[in-house]
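1. okay, sequence plus prediction incoming.
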Amino acid sequence: MGWVFKFINSSIGKKFMMALTGSFLLIFLIVHLIGNLSLFLGEDAFNAYVLALDAIKPLIRVIEVVLLTAFVIHILNGTRLWITNKRSKGPKNKINGSPENSDVFSRTMFLTGSIIFIFLVLHLGTFFWRFNVYDPLQMADDHQYYAMVVYFFNMWWYAILYVIAMILLGYHLNHGFQSAFQTFGWNHKKYTPWIKKIGTAYAIIMALGFASMPIYFLLGGGN
């Protein structure tokens with residue numbers, strides 16, 4: 001098993017784990033967005049969606065543990081790669097490349113990832129904690145999940161912070177999608193341009209999809 005740890009701690013291994021966990025998170029975002037779009041269908045639809053998830057809580061708990069593990073591995077390896085990059089001597093030795101051979105998305109991956117992580121902690125404290133652990137407003141106890149979303153998205157500062165975080169998420173995903181294919185060796189001069197286009201489209205859809213929700217409620221939707 002020594003070779004496994006040696007591989008994981010190597011530069012290639014760290015990138016591989018980043019790509020693997022990142023790919024899993026890319027899929028999760030699609031599922032999460034589809035479920036949350038039920039907000040636009042009204043209170044009954046969204047509450048029914050949350051209650052449906054609650055009905056399979058044991059499975060959801062397993063998925064949450066897997067998600068948490070993927071997030072931790074992704075964050076740790078991203079941080080380790082960033083530190084290694086900063087310690088490298090000379091622009092040619094930097095893992096993410098110099099400004100001459102890398103784009104703004106790759107150069108800001110650690111920054112956007114860090115801001116997204118900070119927002120994620122706030123987001124989990126706002127919704128996940130209240131939905132599953134303790135809600136001082138007692139909305140979750142009465143299954144008023146839709147009302148809770150409306151309550152927080154009507155807070156202008158939270159809605160704006162959410163939208164900004166989603167824009168940064170789009171930047172992060174745009175490079176992460178393409179980088180995963182490259183790390184796995186699934187790149188070819190014939191297909192790479194399409195992978196880049198699909199990655200950009202995916203990033204835009206995710207960013208706009210999630211950002212549309214606070215904007216909708218902040219502008220009076222759902223009231």
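-> Arrived safely. Numbering: from 1, shown residues only.

2. low-confidence ranges in this protein?
-> Residue ranges of the chain with pLDDT under 70: 1-4, 89-107, 186-188, 223.

3. just the helices in this protein please.
-> Taking DSSP state H as the test, the helices found in the chain are 2-8, 11-36, 43-55, 57-87, 104-107, 109-123, 129-132, 145-153, 156-183, 192-218.

4. can you add distance to Gln138 and mean neighbour count and give the ones you listed back as a markdown table?
-> Placement of C-beta: from N, CA and C, glycine included. Shown next, in a markdown table, are the helices of the chain (distance: least, CB to CB, whole Å; neighbours: other CB atoms under 10 Å):
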| stretch | distance to Gln138 | mean neighbour count |
| --- | --- | --- |
| helix 2-8 | 45 | 10 |
| helix 11-36 | 23 | 16 |
| helix 43-55 | 15 | 14 |
| helix 57-87 | 20 | 14 |
| helix 104-107 | 43 | 15 |
| helix 109-123 | 21 | 16 |
| helix 129-132 | 10 | 17 |
| helix 145-153 | 10 | 20 |
| helix 156-183 | 20 | 19 |
| helix 192-218 | 20 | 17 |
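
5. thought Ala159 was touching Leu218?
-> Yes - at 4.3 Å, Ala159 counts as touching Leu218 under the criterion of CB atoms under 8 Å.

6. now do the shared contacts for the two.
-> Counting by CB atoms under 8 Å, 6 or more residues apart in numbering, the contacts common to Ala159 and Leu218 are Phe153.

7. next one: Ala48 from Met155, what distance?
-> Distance, Ala48 to Met155, using CB to CB, to the nearest Å: 25 Å.

8. what of Ile27?
-> 30 Å.

9. same check on Asn132?
-> 21 Å.

10. from Leu29, how far off is Leu67?
-> Counting by CB to CB, the gap from Leu67 to Leu29 is 11 Å.

11. one more: Met18?
-> 16 Å.

12. and for Phe117?
-> Distance of Phe117 to Leu29, given as CB to CB: 15 Å.

13. before we move on, what about Leu137?
-> Leu137 is 27 Å from Leu29, by CB to CB.

14. same check, this time on Phe110
-> 19 Å.

15. check Thr183 too.
-> 19 Å.

16. now swap in Met17 and tell me
-> Met17 sits 19 Å away from Leu29, going by CB to CB.

17. ok, Ile167 next?
-> Relative to Leu29, Ile167 is positioned 15 Å away (CB to CB).

18. what do you get for Thr192?
-> Counting by CB to CB, the gap from Thr192 to Leu29 is 22 Å.

19. check Leu219 too.
-> Taking CB to CB, one finds Leu219 at 24 Å from Leu29.

20. and Ala147, by the same measure?
-> Using CB to CB, Ala147 is found at 25 Å from Leu29.

21. Tyr191 too?
-> Separation of Tyr191 from Leu29 (CB to CB) stands at 23 Å.

22. again, but for Leu218
-> Per CB to CB, Leu218 is found 22 Å from Leu29.

23. same check, this time on Phe152
-> 20 Å.
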